[in-house]
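>>> Need coordinates for the following:
(chains A and B)
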Protein chains: 2
Amino acid sequence: MAETASYEPTGRTVPTRSRERASYDRELVHGILDEGYVCHLGFVRDGAPVVLPTLYGRIGERLYVHGSTGSRPLRMAGRADPGLPVCLTVTHVDGLVLARSAFHHSLNYRSVVVHGLAYQVTDPEERRSALDALVDQVVPGRSYDSRQANAKELAATSVIRLDLEEVSAKVRTGGPNDEPEDSALPHWTGVIPLARTYGTPLPADDLDPSVALPDYLAAL
Amino acid sequence: MAETASYEPTGRTVPTRSRERASYDRELVHGILDEGYVCHLGFVRDGAPVVLPTLYGRIGERLYVHGSTGSRPLRMAGRADPGLPVCLTVTHVDGLVLARSAFHHSLNYRSVVVHGLAYQVTDPEERRSALDALVDQVVPGRSYDSRQANAKELAATSVIRLDLEEVSAKVRTGGPNDEPEDSALPHWTGVIPLARTYGTPLPADDLDPSVALPDYLAAL
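Sure thing, here's the model as predicted:
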């Protein structure tokens, strides 16, 4: 199927405010998703919202989330017909925007919000690919350098899928937007950049010292 | 009112799995909340969940979220009686846990999940304190070094409150938990620590060069 360059906006992906920050660009959305691996997954339980942090993986236009067969959203998705309504959100914070006025304080960020129905994945091959994608989302290449799940582990794991259809990104960049009449106030103003950094890898206690740190980890 | 050392567990704050990672300790919860400033706020709209990243601030046992009077959750909280059911989640990722087996890959993390009703705050003094708390949550001390909101800005801003009553923390620390039979596999295993780091502050284009970077920002 030929893909358009953008997702189609819908009533719930068009924000009520700061519309100029919203985007439906497929490449932008994929880029934001691929830079992360922790999402916040929302679902409704007994009429109330629940938001849980969890890992995700992307394969093309499909997102996957996994967990124990006993975990609530996965169990609920398995029972839901036609699927469990979810909202999956990924956020990167890039900077603190410190304006002269408290009101104009903000963050530079990039976020993606996905609405849709989550389906339990039952096809064995799709389940395997999804689990590989989940591991590789955290560290690209890692799925090749670990033991794949065995039958017992697969039986204990649920995988759900959420298609990228109703999707929007929201991005803020740049400096503060103070009011012109505040420009002479004596407060420092600007942006404090933020970054995620990796520390020195800590080998497990029982790691055989002859196993060297592989290149794909040393490169982080 | 005297506070107990722990929040009371409820049906929805006791996880179905990894219960040993759950905690209701008030000090632990406060510490996790105070280390962050971006939460993922979930609410239900037309029967479906919505999860949005937003800033928060804490004053004692109350969390505050603010936004434009036009933004959806804030408008909904203003209309809801007795309040808008929300779930507010804060997550810190501390490390990538790379096991020999794909199945035992994990993250070291600390998260807090708060369930409850969000109320619109109308008391002018509480609104002011909440807005200060929101700014100080991002950079402690910043509310004193910025212009407070004026009447027009206050009129454009909604503040909602969520009390810390139905709350749990979840924490994973330590190394991988591989199966004993996997210990001879040739894969590097251990933890890659993660940290949030601040870059060099970028002054706004129109910052008067005589305004020095204040100590509380240089200390970040």
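>>> So which bits of stretch A:191-200 are buried?
Neighbour-count burial for stretch A:191-200 flags A:191-192, A:194 (criterion: 16 or more other C-beta atoms under 10 Å in any protein chain shown). From N, CA and C alone the C-beta is placed, and that goes for glycine too.
>>> is chain B contacted by it?
Yes - using C-beta under 8 Å from any C-beta of the partner chain, stretch A:191-200 reaches chain B at A:191-200.
>>> In helices only, show me those.
Counting by DSSP state H, no part of the residues of stretch A:191-200 next to chain B is found in helices.
>>> just the helices in chain A please.
Ranges of helices in chain A, per DSSP H, are A:26-34, A:72-79, A:124-138, A:151-155, A:215-218.
>>> And for A:Val171, the neighbour number?
18 (other C-beta atoms under 10 Å in any protein chain shown).
>>> ok, now which ones touch it?
A:21, A:23, A:28, A:109-111 (C-beta atoms under 8 Å, 6 or more residues apart in numbering or on different chains).
>>> at contact distance from chain B, anything in the lowest-mean-pLDDT helix or strand in chain A?
Lowest on mean pLDDT, DSSP states H and E among the helices and strands of chain A sits helix A:72-79, with a mean of 87. Yes - Helix A:72-79 reaches chain B (C-beta under 8 Å from any C-beta) through A:Arg72.
>>> Centre of the chain to that helix, how far?
Mean-position distance between helix A:72-79 and its chain equals 20 Å (C-alpha atoms, centre = their mean, to the nearest Å).
>>> And for the residue sitting furthest away from the middle of chain A, nearest residue in space, chain neighbours not counted?
Centroid-distance maximum for chain A: A:Ala184 at 40.2 Å, with C-alpha atoms, centre = their mean. Closest residue in space to A:Ala184, ignoring its immediate chain neighbours: B:Asp208 at 7.7 Å, by C-beta to C-beta, 6 or more residues apart in numbering or on different chains.
>>> picking that back up, so which of the buried residues of stretch A:191-200 is the closest to B:Val135?
A:Ile192 (13.4 Å; C-beta to C-beta).
>>> The closest one and B:Gly57, how far apart?
To B:Gly57, A:Ile192 is 18 Å away according to C-beta to C-beta, to the nearest Å.
>>> and what of A:Val44?
Counting by C-beta to C-beta - A:Val44 and B:Gly57 are separated by 27 Å.
>>> out of the two, which sits in the more crowded spot?
B:Gly57 (24 against 21).
>>> B:Val90 is in contact with that one, correct?
No - under the criterion of C-beta atoms under 8 Å, B:Gly57 is not in contact with B:Val90, lying 11.9 Å apart.
>>> so where is chain A shaky, pLDDT-wise?
A:1-2 (pLDDT under 70).
>>> What segments of chain A are strands?
A:22-23, A:38-45, A:48-55, A:57-59, A:62-68, A:84-98, A:106-120, A:157-163, A:166-172, A:190-198, A:202-203 (DSSP state E).
>>> Of all those strands, which one comes closest to B:Arg147?
For those, proximity to B:Arg147 was assessed by C-beta to C-beta; strand A:84-98 is nearest, at 11.9 Å.
>>> Run the angle between the closest one and strand A:106-120 for me.
Put simply, strand A:84-98 runs at 170 degrees to strand A:106-120, going by axes from the mean of the first three to the mean of the last three C-alpha atoms, to 10 degrees.
>>> mind checking how far strand A:84-98 is from the chain centre?
8 Å.
>>> other SSEs contacting it?
helix A:26-34, strand A:38-45, helix A:72-79, strand A:106-120, strand A:157-163, strand A:190-198, strand B:38-45, strand B:48-55 (3 or more C-beta pairs under 8 Å, 6 or more residues apart in numbering or on different chains; DSSP states H and E).
>>> List the residues that contact A:Arg100.
Taking C-beta under 8 Å, 6+ apart, we find A:Arg100 in contact with A:176, A:178, A:182-183, A:185, A:187, A:189, B:146-147.
>>> Reformat those into a markdown table and put neighbour count next to each item.
Below are the contacts of A:Arg100 laid out as a markdown table (neighbours: other C-beta atoms under 10 Å in any protein chain shown):
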| residue | neighbour count |
| --- | --- |
| A:Pro176 | 20 |
| A:Asp178 | 20 |
| A:Asp182 | 17 |
| A:Ser183 | 13 |
| A:Leu185 | 17 |
| A:His187 | 19 |
| A:Thr189 | 27 |
| B:Ser146 | 24 |
| B:Arg147 | 17 |
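>>> how about those, which pair is most distant?
The largest separation in the contacts of A:Arg100, counting by C-beta to C-beta, is between A:Ser183 and B:Ser146 at 13.6 Å.
>>> In stretch A:10-28, which residues are buried?
A:12-13, A:15, A:21-24, A:26.
>>> Quick one: end-to-end distance for that stretch.
Taking C-alpha to C-alpha, to the nearest Å, stretch A:10-28 runs 18 Å from one end to the other.
>>> Run the contact check for that stretch versus chain B.
Yes - residues of stretch A:10-28 are located near chain B by C-beta under 8 Å from any C-beta, namely A:12, A:16-17.
>>> Contact partners for the nearest residue to A:Ala156 once chain neighbours are set aside?
Spatial nearest neighbour of A:Ala156, chain neighbours left out: A:Thr69 (5.9 Å); criterion: C-beta to C-beta, 6+ apart. By C-beta under 8 Å, 6+ apart, A:Thr69 lies in contact with A:75, A:155-158.
>>> Try it again at 10 Å.
A:Thr69 makes contacts with A:75, A:78, A:120, A:155-158, B:17, as judged by C-beta atoms under 10 Å, 6 or more residues apart in numbering or on different chains.
>>> Same check on A:Ser68?
A:Ser68 touches A:74-75, A:156-158, B:16-18, counting by C-beta under 10 Å, 6+ apart.
>>> Could I get the residues you listed in a markdown table, plus columns for distance to B:Ser6?
What follows is the contacts of A:Ser68, written out as a markdown table (distance: C-beta to C-beta, whole Å):
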| residue | distance to B:Ser6 |
| --- | --- |
| A:Leu74 | 28 |
| A:Arg75 | 28 |
| A:Ala156 | 31 |
| A:Thr157 | 32 |
| A:Ser158 | 31 |
| B:Thr16 | 20 |
| B:Arg17 | 21 |
| B:Ser18 | 19 |
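>>> between the helices and strands packed on strand A:84-98, which one is nearest to A:Ala133?
strand A:157-163 (9.9 Å).
>>> Report the distance from the closest one to the chain centre.
Distance of strand A:157-163 from its chain centroid, counting by C-alpha atoms, centre = their mean, is 14 Å.
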